[in-house]
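Peer 1: please find the sequence and the predicted model below.
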Amino acid sequence: MTVERPSGPFRVGDRVQLTGPKNRLHTITLREDGELHTHHGVLRHTALIGQPDGSVVVGSGGHEYLALRPLLRDFVMSMPRGAAIVYPKDAAQIVAQADVFPGSVVVEAGVGSGALSLSLLRAIGADGRLVSFERRSEFADVARANVETFVGGVPANWDVVVGDLVAELPGAVAAASVDRVVLDMLAPWECIDVVADALTPGGVVLCYVATATQLSRVAEYIRATGLFTEPDANETMVRGWHVEGLAVRPDHRMVAHTGFLVWARRLAPGAVAPEQKRRASKSSYGDEDVELWTPGAVGDREITDKNLRKRVREAERAADGARQAAHGADSPGSSDEA
């Protein structure tokens with residue numbers, strides 16, 4: 001099944017983002033008998049159904065709400081999370097730097113909460129294929145539910161594999177058949193060898209890492225294999241601006257460091273890249289460095305089992321609501337505030 005994002009007038013089953021008083025946001029899934037209950041009153045879903053995107057509707061308390069279909073970045077920033085998400089600014093750079101194109105075969109690990117999966121699915125189009133690997137089944141459940149909620153169904157060209165990438169990748173894809181590999185994990189260098197086997201010549205491996213020490217280690221490992229071009233690396237920072245008349249200034253807050261991107265391209269079998277003139281590193285990595293890469297050492301916060309179970313329930317509840325609404329199922333007209 002290929003699921004297209006809806007356009008035109010609002011329909012039953014559509015997700016709508018409402019901006020209410022004081023810019024407070026509410027995200028609802030439209031139902032025939034649905035209602036949004038807030039301390040400002042009640043807004044019936046029927047007031048929205050049939051209205052064009054970008055309409056303004058009024059609730060029972062006389063308060064106005066701007067109604068828009070949520071953009072991908074809106075959904076990603078508000079969806080239930082099992083693991084930390086890849087921020088929209090980084091997802092955009094991953095798609096661009098890895099050159100993820102329509103019809104491409106892409107592998108990602110780990111899937112986390114599905115934020116990057118949504119961007120990759122949009123980039124590969126209906127003719128591409130995305131294979132996502134995740135070690136924890138709970139995270140995979142959250143990701144599946146989030147993707148289903150946003151697109152209105154499970155894309156037929158998306159496979160989620162629960163397991164370790166090193167063990168599962170050779171059985172999931174043929175050798176030299178993958179166009180792009182994106183690794184979002186604690187120790188991506190552990191997967192580079194099996195990724196090299198899966199990539200087609202000229203294919204791209206891109207790693208998303210949080211710390212400079214991780215960046216250094218994965219770049220050095222890629223160089224040492226001799227199977228890739230010289231790795232490139234960068235980070236993206238976004239600073240918003242306040243623009244109101246002549247009051248034009250940078251925002252007081254900015255989305256600064258979230259992660260580093262490091263990427264390289266697969267060489268043809270037997271090819272040797274021209275030697276790069278650079279100063280040789282005197283550092284080396286041994287078993288004693290393992291402690292430097294533990295979750296606690298790199299600042300990776302572990303989610304508690306109780307919290308994770310809550311996130312799974314939230315994501316699956318949202319997906320169930322989207323499915324029922326899309327199929328015209330009756331449901332109680334209770335609050336849809338998200």
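Peer 2: Arrived safely. Small disclaimer: the values here were computed from a predicted structure and weren't measured.
Peer 1: wait, Met79 sits on Ala143?
Peer 2: No. In this structure, Met79 is not within contact of Ala143 by C-beta atoms under 8 Å, at 9.8 Å. (Each C-beta comes from the backbone N, C-alpha and C, glycine too.)
Peer 1: so what sits against both of the two?
Peer 2: Common neighbours of Met79 and Ala143, counting by C-beta atoms under 8 Å, 6 or more residues apart in numbering, are Ser113, Gly114.
Peer 1: low-confidence ranges, the stretch 201-338 of the chain, go.
Peer 2: 277-302, 326, 328-338 (pLDDT under 70).
Peer 1: which residues in it form helices?
Peer 2: 212-225, 305-326 (DSSP state H, counting those that start in this stretch).
Peer 1: how about those helices in JSON lines, adding distance to Val195?
Peer 2: Shown next, in JSON lines, are the helices of the stretch 201-338 of the chain (distance: least, C-beta to C-beta, whole Å):
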{"stretch": "helix 212-225", "distance to Val195": "10"}
{"stretch": "helix 305-326", "distance to Val195": "28"}
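Peer 1: phi, psi of the closest residue in space to Glu108 that isn't next to it in sequence?
Peer 2: Excluding the flanking residues, the one nearest Glu108 by C-beta to C-beta, 6 or more residues apart in numbering is Val182, at 4.5 Å. Torsion angles at Val182 (phi, psi; degrees, to the nearest 10) stand at phi -120, psi 120.
Peer 1: list the beta-bridge partners for Val182.
Peer 2: Val182 has these beta-bridge partners by DSSP bridges: Glu108, Leu206.
Peer 1: so how far is Ser132 from it?
Peer 2: From Val182 across to Ser132, the span is 10 Å (C-beta to C-beta, to the nearest Å).
Peer 1: using the three-state scheme, assign the nearest residue to Leu36 once chain neighbours are set aside.
Peer 2: With C-beta to C-beta, 6+ apart as the criterion, Leu36 has its nearest non-adjacent residue at 4.4 Å, and that residue is Leu43. Secondary structure assignment for Leu43 (DSSP: H, G, I helix; E, B strand; the rest coil): strand.
Peer 1: anything in contact with each of Val182 and Ser132?
Peer 2: Contacts common to Val182 and Ser132, judged by C-beta under 8 Å, 6+ apart, are Val107, Glu108, Ala109.
Peer 1: what is the nearest of these to Leu227?
Peer 2: Nearest to Leu227, judged by C-beta to C-beta, of these is Val107 at 16.3 Å.
Peer 1: next up, the contacts around that closest one.
Peer 2: Counted by C-beta under 8 Å, 6+ apart, Val107 has contacts 130-133, 165, 169, 172-173, 178, 180-182, 195, 198.
Peer 1: for Ala256, same thing?
Peer 2: So Ala256 contacts Met237 (C-beta under 8 Å, 6+ apart).
Peer 1: so Asn146 sits right up against Gly114, yeah?
Peer 2: Yes. Using C-beta under 8 Å, Asn146 makes contact with Gly114 at a distance of 4.1 Å.
Peer 1: any common contacting residues for the two?
Peer 2: Joint contacts of Asn146 and Gly114 (C-beta under 8 Å, 6+ apart) are Met79.
Peer 1: residues contacting Arg144?
Peer 2: Gly114, Val154, Val160, Ala319 are the contacts of Arg144 under C-beta under 8 Å, 6+ apart.
Peer 1: nearest to Thr27, of these?
Peer 2: Lowest distance from Thr27 to the contacts of Arg144 (C-beta to C-beta) belongs to Ala319, with 13.6 Å.
Peer 1: look up which residues are beta-bridged to Arg15.
Peer 2: In beta-bridge terms (that is, DSSP bridges), Arg15 pairs with Thr29.
Peer 1: quick one, what contacts it?
Peer 2: Arg15 neighbours (C-beta under 8 Å, 6+ apart): Thr27, Ile28, Thr29, Leu30, Arg69, Pro70, Phe75, Thr149, Phe150, Ala322.
Peer 1: between these, identify the one with the most neighbours.
Peer 2: Among the contacts of Arg15, Thr149 has the most neighbours (other C-beta atoms under 10 Å), with 25 neighbours.
Peer 1: doesn't that residue fall inside a helix?
Peer 2: Yes. Counting by three-state DSSP, Thr149 falls inside a helix.
Peer 1: quick check: it vs Ala143, distance?
Peer 2: For Thr149, the distance to Ala143 - C-beta to C-beta - is 11 Å.
Peer 1: do the same with Glu235
Peer 2: 24 Å.
Peer 1: more neighbours, these two?
Peer 2: Set Glu235 next to Ala143 and count neighbours by other C-beta under 10 Å: Ala143 wins out with 28 against 16.
Peer 1: one step back: count of neighbours near the residue nearest to Glu108?
Peer 2: Around Val182 there are 29 residues (other C-beta under 10 Å).
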